[in-house]
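S.K.: Just a sequence and a predicted model for now, questions to come.
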Amino acid sequence: MDSNLKKQLRALSLELRHVLERDGDTPGDLHLRLNELGIWPDRPAKPLDELVLTEVDRIGRTIVDAFLTYRRQAGVSQSAAFREFVRESAYSWANRCSLSAAWKPATLLIR
């Protein structure tokens with residue numbers, strides 16, 4: 001792969017991870033999306049029966065719940081497990097998008 005393209009894809013991946021993850025006082029897009037699913041870093045998740053979610057969102061929520069439960073059983077705090085999920089998801093998602101863009105350069109176009 002051309003080294004210039006590699007640099008561009010790396011920059012794209014890092015920027016995308018930053019948008020999804022963010023640190024400090026500004027929550028990233030994944031943090032906000034988890035809030036929409038009734039999950040927060042500093043309090044228990046809202047019960048599923050109190051939420052109006054699409055079927056896809058319910059499946060996603062179930063997956064996140066399973067991850068957070070698994071991490072809590074390992075002795076990790078809710079806040080740390082939430083941050084870990086956001087960090088790992090942002091990393092995975094950004095890298096997948098970058099790889100997809102490497103194979104299909106047209107996917108770099110933003111509408």
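M.R.: Cool, got the structure.

S.K.: Report how many residues lie close to residue 47.
M.R.: Residues near residue 47, counting by other C-beta atoms under 10 Å, number 8. (C-beta placed from N, C-alpha, C; glycine too.)

S.K.: show me the contacts for it.
M.R.: By C-beta atoms under 8 Å, 6 or more residues apart in numbering, the residues touching residue 47 are residue 38.

S.K.: Quick check, pLDDT for it.
M.R.: If you check residue 47, the pLDDT there is 95.

S.K.: go on, residue 91?
M.R.: 74.

S.K.: how close does it sit to residue 82?
M.R.: 15 Å (C-beta to C-beta, to the nearest Å).

S.K.: neighbour count winner among the two?
M.R.: Using other C-beta under 10 Å, the more surrounded residue of residue 91 and residue 82 is residue 82, with 23 against 15.

S.K.: Excluding chain neighbours, give the residue nearest to that one in space.
M.R.: residue 41 (3.8 Å; C-beta to C-beta, 6 or more residues apart in numbering).

S.K.: Phi first, then psi, for that neighbour.
M.R.: Main-chain torsions, residue 41, degrees, to the nearest 10: phi -80, psi -20.

S.K.: wait, isn't it in contact with residue 87?
M.R.: No: if you go by C-beta atoms under 8 Å, residue 41 and residue 87 don't touch, sitting 11.9 Å apart.

S.K.: after the worst-scoring helix or strand of the chain on mean pLDDT comes which helix or strand?
M.R.: Ranked by mean pLDDT, DSSP states H and E, the helix or strand of the chain with the weakest confidence is helix 3-21, at a mean of 69. Using DSSP states H and E, the next helix or strand after helix 3-21 towards the C-terminus is helix 29-36.

S.K.: And the contacts of that following helix?
M.R.: Counting by C-beta under 8 Å, 6+ apart, 19-22, 27, 40-41, 57, 64, 82, 85-86, 89-90 sit against helix 29-36.

S.K.: Just the C-alphas of that helix, formatted as CSV.
M.R.: Taking Å, rounded to 0.1, in the frame of the first residue of the first chain, the C-alpha atoms of helix 29-36 are listed here in CSV:
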residue,chain,number,x,y,z
ASP,A,29,-20.6,9.9,20.1
LEU,A,30,-20.4,6.4,21.6
HIS,A,31,-20.9,7.7,25.1
LEU,A,32,-24.0,9.7,23.9
ARG,A,33,-25.3,6.7,22.0
LEU,A,34,-25.0,4.5,25.1
ASN,A,35,-26.9,7.1,27.0
GLU,A,36,-29.7,6.9,24.5
